[in-house]
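Visitor: Take a look and give me a structure for this.
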Amino acid sequence: MGRREVANRIYQALKSEGERVGLWRARPGAPGRVGGRPWIEPMPTQFPLDSYREVAERTLQGRFRIFAIRDAQLGFPPEWNRDPKSGTLAPLAFGKTLNYRDERLVGNIKYLWELNRHLEIVNLAQAWHLTGRPRYAVACKTMLESWFDQCPYLMGPNWTSSLELGIRLANWSFAWHLLGGDKSRLFEDTDGKHFRRRWLTSVYQHCHFIAGHPSLFSSGNNHLLGEQLGLFLGSTTWPMWPESQRWQQESRAVFEREALVQNAPDGVNREQATWYHHEVADMLVLAALVGRANGQQFSEQFWARLEAMLCFLASVMDFGGNVPAFGDADDAVMVRFCPNADFCAFRSLLATGAVLFARKEFKSKAPVFDEKSRWLLGDFAEAEFTSLSTDGSRLPIHRAFPDGGYYILGSDFETPREVRVVADAGPLGYLSIAAHGHADALSFTLSAGGQLILVDPGTYAYHTAAEWRNYFRGTSAHNTVRVDGHDQSVAGGHFMWTNHAKARCEHFEPSGECQSLVASHNGYHRYSDPVTHRRRLTYAPATRTLLVEDTLCCRDRHLIETYWHLSEDCLVEMLSGHASIVNRHSTIELRWPASCKASLVRGHTSPPLGWISKQFDKRCPCWTLVMRNEVWGNWAGVTEIRVDFLWNA
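Guide: Prediction:
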C-alpha cells in the first residue's frame, strides 16, 4: 500500500469520525420541483402481465428471492437490518465504524446488502406501471418509508459501503420514473408530499455520502464504477439542489474515465471475471441511456469500449449460450428489470447491444428480444432488432483478446458440432489486490455442441465460509497444474492476493489444420527452486483432438497435480490409461500421460474437491479427474482430449 493510499485512508477515517460527531453531514435544502427525464419515452408496455403481478404479490406476501434462498419469508415490509440467511440482526451503530466483515455481528453481509439494494421496489413499480393497480405503488411507498425508519442516516450496515448506496440509488431512479416521476399519484395528498420530502432527503444523503466516500487506489475497481453510476443517476434523476450539477458533472467524468481504464481496449474487463464483465457492461448501458435522455452524452470512445465488451461476450459464448465462469461471480444485477428465473444476463446484454450498435453478430447470439431489453429500449426497439439480418455473421468475432489474455480454439463454430476451447493466459485480476481474480493461469474451458464439458467451477462464497472461498478461487478448482499443493498466487484475505502469478502468451495460431496456443506463468518462481509452468494447446479440427502439453521447468523434486473439472451433466468411466466422458450429444476420450497416476473425485469436503457452483452460495458435486506425478527436474506430459458426437455428420 503506497503513501498516498495510506494518507487517504487516514483522511477518510478522520472524516468518518467527524461525521460521527456531527461534522460534514448532509444538510439538504428544499428540493426543486423538476426532476430529470426517464431513460426512455414512451415507457414500454408490451409484457406478459402475469409474471409481474406474481412477483409483486410475492413481495406483498413478504416473500423474497435472495441468492440461494429462492423463497425467503421476511415479512412485509422486511426488517432491513436483519440478515435474511442467518437471522442475525445487525446493530444500529455508526455505519463507517461497523465491522460488516464480522459474521457474528452482522451475519452474511452479502444477503443483508442484497435485500437493501431494493430490486423488488423496481418490480413493484413495474407492476404498477403495467396494471395501474394502486396497491403496487402504495407497496413501494410502504417499503421505502419502513427503510427510512429502520435505516436512519449514517447508522447501521446499510450506511457502510458507497457501492451499496450507489446501487440503491440506481434502483430508486428507475422506480421513480416507473411510478410517474414528479407527477406520481403517490405525491398528490398531504401524506404524499411528506413522503416525497422524505424520499428526496434520503436521495440527497445518498449522493452526499457517495461523493464524500469514493473507493480509491487499490479499492478503485468496479466499486468505484458502481458508486459513480449511482451518483450520476441520482444527480440526473433528481437535479434539485445546488450541489446536483457538480455531482452530475464530476460523476460522469469519473465514470467515463474509469470505464475506459477498467475495460481494456480489446473489450475485456480487467477484473478477469466474466460475471463482473457483465455487471460493468450493464453499468455502462444504464449510464449511457440515462445520460442520452438528459443531454449528458458520453464520448464516442466510451460507446466503442462498450461495444468491444459485448464483442468479447459474443466471442466466448458457445453455441448453447454458455459463457466461461472465469473469476468471481455473485449473481448480482444492478437493476432487476426481468424477474423471470430463466433470465440470461449475457444474452440480454447482447440483445440490447444488437439494437444499440446495429450488430447482427450480437443478434446471432441473442436470438430473442428479451424483456430487459424492452424495458431499456422501449417497445419500438423490437422492430429494429427483428430487422437485423444475421446472414453472414462472422463468429467468433475475435479469437484473441491479448489485453485480457483470453484465446479461443475450436471448429464448426455456431453449429451443433461446435468444439470451443476458451483459454486463460491473462493477468490474475485488477489492481494490486486483484480482488475478484482466481488462481487459474493457463486453465481453459471446453464445450462440445453447446454443452459444457470442462468447466470453471465458479465461486460459491464471498465473505463467509473461508475454506470454500479459498477452494473455489484456488488453483485446484481450475483446469490447470498445481505445484507442491500450493496455489499459483498467494491469497492475503477474502478479496486480496499478495503475490500474483504473471501469465503471458508466447504464441497463438488460430487457423489452419493445427491451431495452437503457447503460454506460461511465473507463479511458482517464489519457490527456492523456481518452477515455470508452460502449456501448449494444439487443436486439430479434422479429428477434433486437443493436445495439452504441460512442461515444468525446475531442478528439484516437486509434486505435480493436474485437475480436470467436468460439468455436473457428464458421466465418467475410468478405463486403462484414459477416461470416457459422455455429455448428452458428445463423447470425450481423455488420455493422460503414462507417468501420472489418475483418480476420480466427486463431492469431497475435507479438503474440498469435486464441486461446481453455478449460483452464488449454492454448490453441487461434479466429477473431477486428478492426475498426480512426483518429478525431479524438468518434466513434460501430454494429455490428449478427443471429441466425438453421438450422431453422424
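Visitor: Which residue ranges of the stretch 401-550 of the chain form helices?
Guide: 466-472 (DSSP state H, counting those that start in this stretch).
Visitor: For it, give me the ranges with low pLDDT.
Guide: Nowhere does the stretch 401-550 of the chain drop to pLDDT under 70.
Visitor: Tell me which stretches of it form strands.
Guide: Counting by DSSP state E, counting those that start in this stretch, the segments of the stretch 401-550 of the chain that form strands are 406-411, 419-424, 444-448, 451-454, 481-483, 490-493, 496-499, 503-509, 515-524, 531-540, 545-553.
Visitor: Now do the second one against strand 531-540, angle only.
Guide: Read that as strand 419-424. 160 degrees (axes from the mean of the first three to the mean of the last three Cα atoms, to 10 degrees).
Visitor: try the third one
Guide: On the basis of the same axes, to 10 degrees, strand 444-448 is oriented at 20 degrees to strand 531-540.
Visitor: Need the contact partners of strand 444-448.
Guide: Contacts to strand 444-448, defined as Cβ atoms under 8 Å, 6 or more residues apart in numbering, come from residues 318-320, 322, 324, 418-424, 452-456, 479, 537, 546, 583, 585-586, 588, 641, 643, 645. C-beta here means a position set from N, CA and C on the backbone, and glycine is covered the same way.
Visitor: again with the first one
Guide: Contacting residues not belonging to strand 406-411 are listed as 268, 312, 315-316, 326, 396, 398-401, 417-426, 505, 508, 510, 515-517, 519, 537, 539, 541, 544, 546 [Cβ under 8 Å, 6+ apart].
Visitor: circling back to that earlier point, are any of the contacts of strand 444-448 buried, and if so which?
Guide: 318-319, 322, 324, 418-424, 452-456, 479, 537, 546, 583, 586, 588, 641, 643, 645 (16 or more other Cβ atoms under 10 Å).
Visitor: so which strand or helix has Cys207?
Guide: Per DSSP states H and E, Cys207 falls inside helix 190-212.
Visitor: in that helix, what counts as buried?
Guide: For helix 190-212, a neighbour-count test (16+ other Cβ under 10 Å) marks 195-196, 199-200, 202-211 as buried.
Visitor: Pick out whichever of these sits closest to Ser235.
Guide: Of all those, Cys207 has the smallest distance to Ser235: 6.0 Å, by Cβ to Cβ.
Visitor: Quick one: residues contacting that closest one.
Guide: Going by Cβ under 8 Å, 6+ apart, Cys207 touches 169, 231, 234-235, 243-244, 247.
Visitor: now, which of those lie within helices?
Guide: In helices, defined here by DSSP state H, the members of the contacts of Cys207 are 169, 231, 234-235, 244, 247.
Visitor: now those as a markdown table including pLDDT?
Guide: Formatted as a markdown table, those follow (pLDDT from 0 to 100):
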| residue | pLDDT |
| --- | --- |
| Leu169 | 98 |
| Leu231 | 98 |
| Gly234 | 98 |
| Ser235 | 98 |
| Ser244 | 97 |
| Trp247 | 98 |
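Visitor: Just the buried residues out of the residues you listed, in ChimeraX syntax.
Guide: Entered in ChimeraX, the line below selects the buried ones among the ones in helices among the contacts of Cys207, by 16+ other Cβ under 10 Å:
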select :169,231,234,235,244,247
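Visitor: Which of the ones in helices among the contacts of Cys207 lies at the shortest distance from Ser613?
Guide: Closest approach to Ser613 among these (Cβ to Cβ): Leu169, at 29.9 Å.
Visitor: Could you report the neighbour count for the nearest residue to the closest one once chain neighbours are set aside?
Guide: Distances taken as Cβ to Cβ, 6 or more residues apart in numbering put Gly230 closest to Leu169, at 3.8 Å, once the chain neighbours are dropped. Residues near Gly230, counting by other Cβ atoms under 10 Å, number 30.
Visitor: Next up, the contacts around Gly230.
Guide: Gly230 makes contacts with 165-170, 206, 210, as judged by Cβ under 8 Å, 6+ apart.
Visitor: Mind doing that once more with 10 Å?
Guide: Shown in contact with Gly230 (Cβ atoms under 10 Å, 6 or more residues apart in numbering): 162-173, 206-207, 209-210, 251, 255, 283, 334.
Visitor: Correct me if wrong: Trp172 contacts Val203.
Guide: Yes. Trp172 is in contact with Val203 according to Cβ atoms under 10 Å; the separation is 6.8 Å.
Visitor: Give the intersection of the neighbour lists for the two.
Guide: 234, 237-238.
Visitor: Give me the distance between the two termini of stretch 477-496.
Guide: Start-to-end span of stretch 477-496 (Cα to Cα, to the nearest Å) is 18 Å.
Visitor: Could you give me the buried positions within that stretch?
Guide: By 16+ other Cβ under 10 Å, the buried positions in stretch 477-496 come out as 477-483, 486-489, 491, 494-495.
Visitor: Reformat these as a markdown table; add distance to Gly603.
Guide: Output for those, formatted as a markdown table (distance: Cβ to Cβ, whole Å):
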| residue | distance to Gly603 |
| --- | --- |
| Ala477 | 13 |
| His478 | 18 |
| Asn479 | 18 |
| Thr480 | 21 |
| Val481 | 23 |
| Arg482 | 19 |
| Val483 | 25 |
| His486 | 23 |
| Asp487 | 21 |
| Gln488 | 24 |
| Ser489 | 26 |
| Ala491 | 24 |
| His494 | 24 |
| Phe495 | 27 |
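Visitor: So which of those residues is the closest to Asn470?
Guide: Comparing the buried residues of stretch 477-496 against Asn470 with Cβ to Cβ picks out Ala491 as the nearest, at 6.4 Å.
Visitor: Roughly how far does the closest one sit from Asp330?
Guide: As for Ala491, its distance to Asp330 is 18 Å (criterion: Cβ to Cβ, to the nearest Å).
Visitor: Give me the spatial nearest neighbour of Ile121, chain neighbours excluded.
Guide: The spatially closest residue to Ile121, leaving aside those adjacent along the chain, is Ala175, at 4.8 Å (Cβ to Cβ, 6+ apart).
Visitor: Would you confirm that the one you found belongs to a strand?
Guide: No. Ala175 is assigned helix when assessed by DSSP: H, G, I helix; E, B strand; the rest coil, not a strand.
Visitor: contacting residues for it?
Guide: Listed by Cβ under 10 Å, 6+ apart, the contact set of Ala175 reads 118-126, 128-129, 137, 140, 143-144, 335.
Visitor: returning to that earlier point: could you dump the strands of the stretch 401-550 of the chain to TSV with distance to Ala26?
Guide: TSV is the format used below for the strands of the stretch 401-550 of the chain (distance: least, Cβ to Cβ, whole Å):
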stretch	distance to Ala26
strand 406-411	43
strand 419-424	44
strand 444-448	47
strand 451-454	49
strand 481-483	50
strand 490-493	32
strand 496-499	32
strand 503-509	45
strand 515-524	46
strand 531-540	52
strand 545-553	57
